[in-house]
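S.K.: My questions are about this predicted structure, shown below with the sequence.
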Amino acid sequence: MALTSAALLSCATGPVATQPAQPQAGQAAAAANPDADYAELQKAGGRLYRIDPRASDIRIFVFRGGPAARFGHNHILTAPRFEGRVLLPKEGVDHVRFDLVFRLDQLEIDPPALVDRVGEGFATVLSADSLAGVRAHMLGERNMQADRYPLVRIRSLQVEGEAPAFAARVEVEMHGRRRDLWLPLQVRISPGQIAVDGRMILRQTDFDITPYAVLGGLLAVRDPVLIEFRLVGHAVAG
């Protein structure tokens, strides 16, 4: 059971991607003062919101695959701790800015309370030893290399639309690679608060990660990973 569970979250490094990112040590330094990136835009007006992890929810779905998929498990991960900011300008969406940063080594895997809510496909509750195996394979040197690339960073590049429906082009940085993609957002703004709902699909191979497989692919992890989120932010006095 431990080997099967670990296999479903393990990944091995593949060929070099065409969009290498800067070393993530630099990211860590930038994340230490995330408000700094917004200082100039704030001077021109607008409202800054800080995302509250306690009121927010990030879910990462990893799917079993291969002819023997029934012997494996789907997994759901959460990011209980992260940093996030949203800046809304006074007018229009041309200068909307947001970013989100979380650490791979702080992810929680298959928390029982969440597994119970998600549904039958994610209803398997693993033992502590099995979960430890999943974590070791997922974050280890041959897989996600969390020691070398601990951060996942998402930042806005372009925003189109009008409240409450928007389309955002974002840059995702993970495993030392950067990729751009579009995602839909639903945004609700109330006095002193913003709530953003969205989802995205990431392909592991786009980030130079080879989805794990054993027994010649008989049991494997599917390439797409689904991320769903609801981010709630509170206005920062400026």
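M.R.: Thanks, I have it. Numbers count the residues shown, from 1 in each chain.

S.K.: In the chain, what helix or strand scores lowest on average pLDDT?
M.R.: Confidence across the helices and strands of the chain bottoms out at strand 11-13, with a mean of 30, counting by mean pLDDT, DSSP states H and E.

S.K.: can you give me the helices in the chain?
M.R.: 2-7, 24-31, 39-43, 112-118, 128-139 (DSSP state H).

S.K.: Name every strand pairing with the strand ranked longest in the chain and say which way it goes.
M.R.: Determined from DSSP state E, the single longest strand within the chain is strand 219-235. Neighbouring strands of strand 219-235 in its sheet, by DSSP bridges, are strand 47-51 (antiparallel), strand 57-65 (antiparallel), strand 193-203 (antiparallel), strand 213-214 (antiparallel).

S.K.: Please state the offset of the first one from the chain centre?
M.R.: To tie it back to what came earlier, the one meant is strand 47-51. 19 Å (CA atoms, centre = their mean, to the nearest Å).

S.K.: If we go by neighbour counts, what in it is buried?
M.R.: Applying a neighbour-count criterion of 16 or more other CB atoms under 10 Å, one finds 47-49, 51 buried in strand 47-51. C-beta coordinates here come from the backbone N, C-alpha and C atoms, glycine included.

S.K.: go on, the third one?
M.R.: When neighbours are counted by 16+ other CB under 10 Å, the buried residues of strand 193-203 are found to be 194-198, 200, 202.

S.K.: List just the nearest of those to residue 220.
M.R.: residue 202 (16.9 Å; CB to CB).

S.K.: Report the beta-bridge partners for that closest one.
M.R.: Bridge pairing for residue 202 - DSSP bridges - gives residue 225.

S.K.: Go ahead and confirm it touches residue 225.
M.R.: Yes - judged on CB atoms under 8 Å, residue 202 makes contact with residue 225 at a distance of 5.0 Å.

S.K.: Walk me through the regions of the chain where pLDDT falls short of the threshold, as ranges.
M.R.: 1-37, 68-69, 71-72, 115-127, 130-131, 133-134, 137-138, 140-144, 213, 238 (pLDDT under 70).

S.K.: and the two most separated of the buried residues of strand 47-51?
M.R.: Longest span within those, CB to CB: 47 and 51, 13.6 Å.

S.K.: Could you check how far the closest residue to residue 162 other than its chain neighbours is from residue 153?
M.R.: Spatial nearest neighbour of residue 162, excluding adjacent residues (CB to CB, 6 or more residues apart in numbering): residue 93 at 7.5 Å. Residue 93 sits 21 Å away from residue 153, going by CB to CB, to the nearest Å.
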